[in-house]
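In: pasting the sequence and the predicted model now:
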Amino acid sequence: MLEPISINIASLNLPALLPMAILVIGALALLVADLVVKGLNRSFFTMITVLFIILDLGAVIGYNGPVRGFFDVLLVDGIAIIAQVIILVASAFFVPLSLSHRHFREFEMAEFYALFMFMIVGFQCMVVSDNLILIFIGLETASLSLYTLIAMHNRMKAFEAAIKYFTMGALAAGFYTLSALIFYAMTGSVEIYEIERVLVERQFEPLLGVLAATVFMLGALGFKLSLVPSHTWTPDVYEGSSAPLAGYMSVVPKIAGFVVAMRLFEMLVLSGVTWVEDILYALVVLTMTLANITALVQEDVKRMLAFSSISHAGSMMAAIMIGTTQANTALFLYWTLFMFTNLGAFTMLWIVRHRKNLWDERYQHPFSKFSGMIKIMPMTATIMGVFMFALAGMPPFSVFWGKLYLLSAAINSEYIFLALIIVLNSAIAVYYYMKLVVYMFLKEPTTDDATLFTTNASTPLKVIIGFAAMVTIFSILFVEPLLNVITKYVSSSGF
């Protein structure tokens, strides 16, 4: 007779599930409320969504339980907490962007906000676990929600973007599954720490199996992080998406992917597998360089920013390749500062959006659209110029401090050549960021009608832009305390 299985509820550490449970409850409650009460508007949906995100954030910051939970598949360490904070803060800033002056169909639907909350839960699953199965569940939950959110923009390019993203995502999911299968076949476990232990004991034999699993995982995460050669979907998907969603995709899905890559690839690099470091080195150099060179010839600002985000992702993979505590701290500092600046830049595109392509047959935001903007909308041109200077890594703006700390981590770990490549790529990037500044400040305006650039502006959007600009300009005031907090959490994670 089989003995009954007894489960100690206390050992499950159910509070570790609370942050994700809050958003699941919020999404379901929003759908039920929409069914029961007719006539709910986007202001209500936005308010409720932001409220649940703030509750989630409070649960994340206030968590002080064990690191492991729920049959040991959850891993709530310092890395997981920092990543969740970045995800939730970016999400809280994204949702009010639905309150634009012009009404868009997707923002009137409760399903949009429910899917958005389910997507956040998926990203949280990815960062609070080192179990390959739970990571995959989180990855697919987030991806399937994101495909739908893109398509809900109800434009032909949005449908095209969603299909492209779905197709590439399906391929990446296949790569991830194959990689997890090979790791499990070799080690008998899907826990990253257990995989590491077994592989170290066997001295990473069989080598062919480890190589195959690593390459497939790079293919899967390379798609999520827009690494070369899995980056080809990025400019087309960003172009077809609404500007706020494109800005969101450039920040949040990537931080979830970075954490998974950090847990897996740093384990391999730090265990002395030199060829993994060689592969990552090549990916980093190719991603930064090709993205920057391609950005030089773009005619549309949104596509330029898409290639810009690919290049920044390459810089973050450099931090993962270095693998020290300082490098991991640099990653989170860089991405926190980049988050506000990049979301601000994409929100500016959302503010100046016009329902018709008045400046170009294909593109919504060609460079010519911004010609002479300083003469017709000086404040808008100035703020956009600040965001471009910051993204270019110019002092004293935000991204400069993240890049400086990353270079410091590379030099301290004796990656001198890598530091030189990052500096050279930063110099290339200055050209295409300044191209927009030249159009805004040194060209003659193509129109004197300022209302063409303000049809989508609203008070919530202006407030968010103002906050992002303040963080970008005055980041020097809080870089050091932010650095101390991030270092504390990263050090506590054993990285």
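Out: Happy to help now that I have it. Numbers count the residues shown, from 1 in each chain.

In: and the helices in the stretch 301-450 of the chain?
Out: 301-322, 325-351, 373-376, 378-391, 398-412, 416-442 (DSSP state H, counting those that start in this stretch).

In: pLDDT weak spots in the stretch 151-300 of the chain?
Out: 154, 272 (pLDDT under 70).

In: if we go to 90?
Out: 151-172, 186-215, 218-219, 221-253, 260-281, 295, 297-300 (pLDDT under 90).

In: and the stretch 1-150 of the chain, by the same measure?
Out: Ranges of the stretch 1-150 of the chain meeting pLDDT under 90: 1-20, 33-46, 62-78, 93-112, 129-131, 143, 146-150.

In: all strands of it, in order?
Out: With DSSP state E, counting those that start in this stretch as the criterion, the stretch 1-150 of the chain has strands at 68-69, 74-75.

In: pull out the buried positions in stretch 475-490.
Out: Using 16 or more other C-beta atoms under 10 Å as the test for burial, stretch 475-490 gives 475, 479, 482, 483, 485, 486, 487, 489, 490. Every C-beta, even on glycine, is put in place using the N, C-alpha and C of the backbone.

In: likewise for stretch 180-198?
Out: 180, 182, 183, 186, 187, 189, 190, 191, 192, 195, 196.

In: following element in sequence after the helix or strand hosting the first one, please.
Out: For residue 180, the host element (DSSP states H and E) is helix 156-187. Beyond helix 156-187 on the C-terminal side, the first helix or strand identified by DSSP H and E is helix 192-201.

In: helices or strands up against the following helix or strand past that following helix?
Out: Counting by DSSP H and E, the next helix or strand C-terminal to helix 192-201 is helix 207-225. Judged by 3 or more C-beta pairs under 8 Å, 6 or more residues apart in numbering; DSSP states H and E, helix 207-225 is in contact with helix 156-187, helix 252-270, helix 274-295, helix 301-322.

In: how many other residues sit next to residue 399?
Out: 27 (other C-beta atoms under 10 Å).

In: next, the contact list for it, please.
Out: Taking C-beta atoms under 8 Å, 6 or more residues apart in numbering, we find residue 399 in contact with 334, 337, 338, 341, 390, 391, 392, 393.

In: where does confidence bottom out across these?
Out: pLDDT is lowest at residue 393 among the contacts of residue 399; the value there is 85.

In: give me the phi and psi for it.
Out: phi 80, psi 30 (degrees, to the nearest 10).

In: my guess is it contacts residue 427. True?
Out: No: counting by C-beta atoms under 8 Å, residue 427 is not a contact partner of residue 393; they are 9.4 Å apart.

In: the two: which is more packed in?
Out: More crowded of residue 393 and residue 427, by other C-beta under 10 Å: residue 393, with 25 against 12.

In: what's the distance between the more buried one and residue 243?
Out: 23 Å (C-beta to C-beta, to the nearest Å).

In: still on that earlier bit, looking at the helices and strands packed on helix 207-225, which is buried most?
Out: The highest mean neighbour count among the helices and strands packed on helix 207-225, using mean count of other C-beta atoms under 10 Å, belongs to helix 301-322: a mean of 26.

In: who does it touch, helix- and strand-wise?
Out: helix 207-225, helix 233-240, helix 243-249, helix 252-270, helix 274-295, helix 325-351, helix 398-412, helix 416-442.

In: pull the CA atoms of that helix into PDB?
Out: The C-alpha coordinates for helix 301-322 follow below in PDB (Å, rounded to 0.1, in the frame of the first residue of the first chain):
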ATOM      1  CA  VAL A 301      13.500  57.500 -36.000                       C
ATOM      2  CA  LYS A 302      11.600  54.500 -34.600                       C
ATOM      3  CA  ARG A 303      13.700  52.100 -36.600                       C
ATOM      4  CA  MET A 304      16.800  53.900 -35.600                       C
ATOM      5  CA  LEU A 305      15.800  53.500 -31.900                       C
ATOM      6  CA  ALA A 306      15.200  49.800 -32.600                       C
ATOM      7  CA  PHE A 307      18.700  49.300 -33.800                       C
ATOM      8  CA  SER A 308      19.900  51.500 -30.900                       C
ATOM      9  CA  SER A 309      18.200  49.100 -28.400                       C
ATOM     10  CA  ILE A 310      19.900  46.100 -30.100                       C
ATOM     11  CA  SER A 311      23.300  47.800 -29.600                       C
ATOM     12  CA  HIS A 312      22.600  48.500 -25.900                       C
ATOM     13  CA  ALA A 313      21.600  44.900 -25.500                       C
ATOM     14  CA  GLY A 314      24.900  43.900 -26.900                       C
ATOM     15  CA  SER A 315      26.600  46.000 -24.200                       C
ATOM     16  CA  MET A 316      24.600  44.200 -21.500                       C
ATOM     17  CA  MET A 317      25.700  40.800 -22.900                       C
ATOM     18  CA  ALA A 318      29.300  42.000 -22.400                       C
ATOM     19  CA  ALA A 319      28.500  42.400 -18.700                       C
ATOM     20  CA  ILE A 320      27.200  38.800 -18.600                       C
ATOM     21  CA  MET A 321      30.300  37.600 -20.300                       C
ATOM     22  CA  ILE A 322      32.500  39.300 -17.800                       C
END
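
In: let's have the helices and strands packed on helix 301-322 in JSON lines, adding distance to residue 76.
Out: As requested, those are exported to JSON lines (distance: least, C-beta to C-beta, whole Å):
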{"stretch": "helix 207-225", "distance to residue 76": "21"}
{"stretch": "helix 233-240", "distance to residue 76": "31"}
{"stretch": "helix 243-249", "distance to residue 76": "24"}
{"stretch": "helix 252-270", "distance to residue 76": "12"}
{"stretch": "helix 274-295", "distance to residue 76": "27"}
{"stretch": "helix 325-351", "distance to residue 76": "16"}
{"stretch": "helix 398-412", "distance to residue 76": "25"}
{"stretch": "helix 416-442", "distance to residue 76": "32"}
